[in-house]
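structure, please.
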Amino acid sequence: MRIHVSFIDRVGITQEVLALLGARNLNLDAVEMVPPNVYIDAPTLSPQVLEELHHALLSVRGVQAVTVVDMLPGQRRHLQLEALLAAMADPVLALDSAGRVLLANPALIALYGRDPRDEFLGQLLGDNELLAILIEQGFRLPLREVLINGQTLLLDATPITDAGALVTLYPPNRMGERLAALHHDHAEGFDSLLGESPPIRTLKTRALRVAALDAPLLIQGETGTGKELVARGCHAISARHSSPFLALNCAALPENLAESELFGYAPGAFTGAQRGGKPGLMELANQGTVFLDEIGEMSPYLQAKLLRFLNDGSFRRVGGDREVKVDVRILSATHRNLQKMVAEGTFREDLYYRLNVLSLEVPPLRERGQDILMLARYFMQQACTQIQRPLCRLAPGTYPALLGNRWPGNVRQLQNVIFRAAAICESTLVDIGDLDIAGTSVARQSDIEIDSLEQAVEGFEKALLEKLYVNYPSTRQLAARLQTSHTAIAHRLRKYGLYKDA
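I've put the predicted structure just below:
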């Protein structure tokens, strides 16, 4: 039985309380002093003895109350600590100042094969040098890679003042989850892929089908169309959505750096390498997705290494001789014509077919019609929020210029143009003179008073068709020039009274 005695603190009161228990020959398993309280664990204390003891304790000067409790405060804290450690999925252990293991959670015991309590960390890791460095640095050390029973883990030490450290061991993909979280977009699935035009609806419909298939996916489209957004959307609705999504731009790094970023490197692989080695994106994204942007820029050597990985899921780190096997889905993207590169011998044909199991084509902005104005308004709101100015709106006079521009930089270019306009416009109405795009001079010359969006669109369409119909005098020629169907062109020519009966 466990009892709690509360009292008015005075010299000698604890000894008097304990003397009463000793006089009754009660064995005490634990006594905890938290003045003005004492907690006593006496397993042999019976209810009958307790009733007599209760009166005796209350007769001690200063004792205020005697109550039965389910456990002592220290026991409760220990139980809570064990529950907390057991709930942690990652291996965790507590060290004293000499590096001896004081406590290990079930995940660490399962990994190691036994409870390492009273062993030194160097024994557990098979690396006494690392323990010496940890102690020398006061247990402050950047993430280090360690091996336990052949499993690669990242060691993270948190010093506890004058008492040792708490050490957590992370699987590489746990760090990958943290990296992915830093770049997490609040929009899930394809919510961030804005637009309702037929081309974008077709893309979303097809993407929903291929996203659920656990096979390589090649995303093609011009620069700035949003290929990474599509890739993130595919990951977010796939079975791997709870695992990391990590990206590498193949055009942004030289071959040697791209290789080490993608596949990692072994200890001592090159001068300046992190002492314990470093996992690459493939290991960090284990169970998740790796997105390779601008895959067409990948060097022939890396193409060969990637092909081998796609064939059997294994690779070797830079400077390493150990085979590493991971489960990763590869999504890739390019603005280049890979089929043409294959024909020219600048891209491996076998890799092309391994990457192109599934494919998506992201439409250019110029083919997305009314999405242009919707995106422009969205980016305007976003820009005004970012630069902390009152919300601006686009004047109707800007619509023909926005719709008529070819947008070679696609959505990214539109976003930049709108941001620049929001930044320089002196009023809350952004007019044609605030837009830095080609074709605005034509729009400035127009004296037509625009009352609505529909009128602006119709006026622009009619002027464009009138101009081009002279050089492309058939519906099929004109449709080919404007990259649409001849039936759509015929309908518009009749609508504006421009159709020539032939």
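
how far away is Asn105 from Leu169?
Separation of Asn105 from Leu169 (C-beta to C-beta, to the nearest Å) stands at 10 Å. From N, CA and C alone the C-beta is placed, and that goes for glycine too.

so what sits against both of those two?
Shared contacts of Asn105 and Leu169 (C-beta atoms under 8 Å, 6 or more residues apart in numbering): Pro91, Val92.

neighbours of the residue lying closest to Thr334 once chain neighbours are set aside, how many?
Computed as C-beta to C-beta, 6 or more residues apart in numbering, the closest residue to Thr334 that is not its neighbour in sequence is Gly296, at 4.1 Å. As a burial measure, Gly296 scores 20 neighbours (other C-beta atoms under 10 Å).

now do the contacts for Gly296.
Applying C-beta under 8 Å, 6+ apart, the residues near Gly296 are Cys250, Thr334, His335, Arg336, Leu338, Met341, Phe347.

got a quick PyMOL command for the buried subset of the residues you listed?
In PyMOL syntax, the buried subset of those is picked out as below (16 or more other C-beta atoms under 10 Å):
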select buried, resi 250+334+335+338+341+347
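
in helices only, show me the contacts of Gly296.
Taking DSSP state H as the definition of helices, these contribute Leu338, Met341.

for the contacts of Gly296, which one is nearest His55?
Cys250 (83.4 Å; C-beta to C-beta).

can you pull the contacts of that closest one?
Ala258, Leu292, Asp293, Glu294, Ile295, Gly296, Glu297, Met298, Leu302.

was I right to think the fourth one contacts Leu253?
Spelled out, that is Glu294. No. The criterion here is C-beta atoms under 8 Å, and Glu294 misses it with Leu253 at 10.5 Å.

of these two, give the one with the bigger neighbour count.
Each of Glu294 and Leu253 has its neighbours counted (other C-beta under 10 Å); Glu294 has more, 18 against 15.

got a list of what that one touches?
Counting by C-beta under 8 Å, 6+ apart, the residues that Glu294 touches are Asn249, Cys250, Ala251, Ala252, Ala333, Thr334, His335.

show the pLDDT at it.
We have a pLDDT of 94 for Glu294.

not counting its neighbours along the chain, what's nearest it?
That would be Ala251: by C-beta to C-beta, 6+ apart, it lies 4.0 Å from Glu294.

what's around the one you found, how many residues?
14.

give me the below-cutoff pLDDT ranges for the stretch 401-502 of the chain.
Along the stretch 401-502 of the chain, the model assigns pLDDT under 70 to residues 438-456, 500-502.

mind listing the strands for it?
429-430 (DSSP state E, counting those that start in this stretch).

same question, the stretch 51-200 of the chain
63-69, 92-95, 101-104, 144-148, 151-160, 164-170.

and the ones you listed, which one is worst for confidence?
strand 144-148 (a mean of 81).

name the residues that touch that strand?
91, 111-112, 124-127, 130, 152-155, 169, 267, 274-279.

what subset of those is buried?
91, 111-112, 124-125, 127, 130, 152-155, 169, 276-279.

closest to Gln477 out of those residues?
Pro279 (56.7 Å).

ok, that closest one - contacts?
Glu145, Thr152, Leu154, Pro172, Met175, Gly264.

check what pLDDT it gets.
So, for Pro279, pLDDT stands at 87.

next one: Thr289
Reading off the model, Thr289 has pLDDT 95.

Phe270 now?
66.

now swap in Glu177 and tell me
At Glu177, pLDDT is 66.

OK, contacts around the closest residue to Ala165 other than its chain neighbours?
Nearest residue to Ala165, sequence neighbours excluded (C-beta to C-beta, 6+ apart): Phe139, at 3.7 Å. Phe139 sits next to Leu95, Ala157, Thr158, Pro159, Gly164, Ala165 when contact means C-beta under 8 Å, 6+ apart.

make it 6 Å
Each residue near Phe139 by C-beta atoms under 6 Å, 6 or more residues apart in numbering is listed here: Ala157, Pro159, Ala165.

closest to Val411 among these?
Closest to Val411, out of all of those and judged by C-beta to C-beta, is Ala157, at 44.5 Å.

thought Ser6 was touching Gln64, still the case?
Yes. With contact defined as C-beta atoms under 6 Å, Gln64 counts as touching Ser6 (5.0 Å).

show me which of the contacts of Gly296 is closest to Ala212.
Nearest to Ala212 among those, with distances taken as C-beta to C-beta, is Thr334, at 22.9 Å.

pull the CA atoms of the helix or strand where Val5 lies into CSV?
Taking DSSP states H and E as the definition, one finds Val5 inside strand 2-7. Output of strand 2-7 as CSV, limited to C-alpha atoms (Å, rounded to 0.1, in the frame of the first residue of the first chain):
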residue,chain,number,x,y,z
ARG,A,2,1.2,3.5,-0.7
ILE,A,3,0.4,6.5,1.4
HIS,A,4,0.8,10.3,1.2
VAL,A,5,1.5,12.2,4.3
SER,A,6,1.2,16.0,4.1
PHE,A,7,2.5,18.2,6.9
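
wait, a strand at Leu218?
Yes. The assignment for Leu218 by DSSP: H, G, I helix; E, B strand; the rest coil puts it in a strand.
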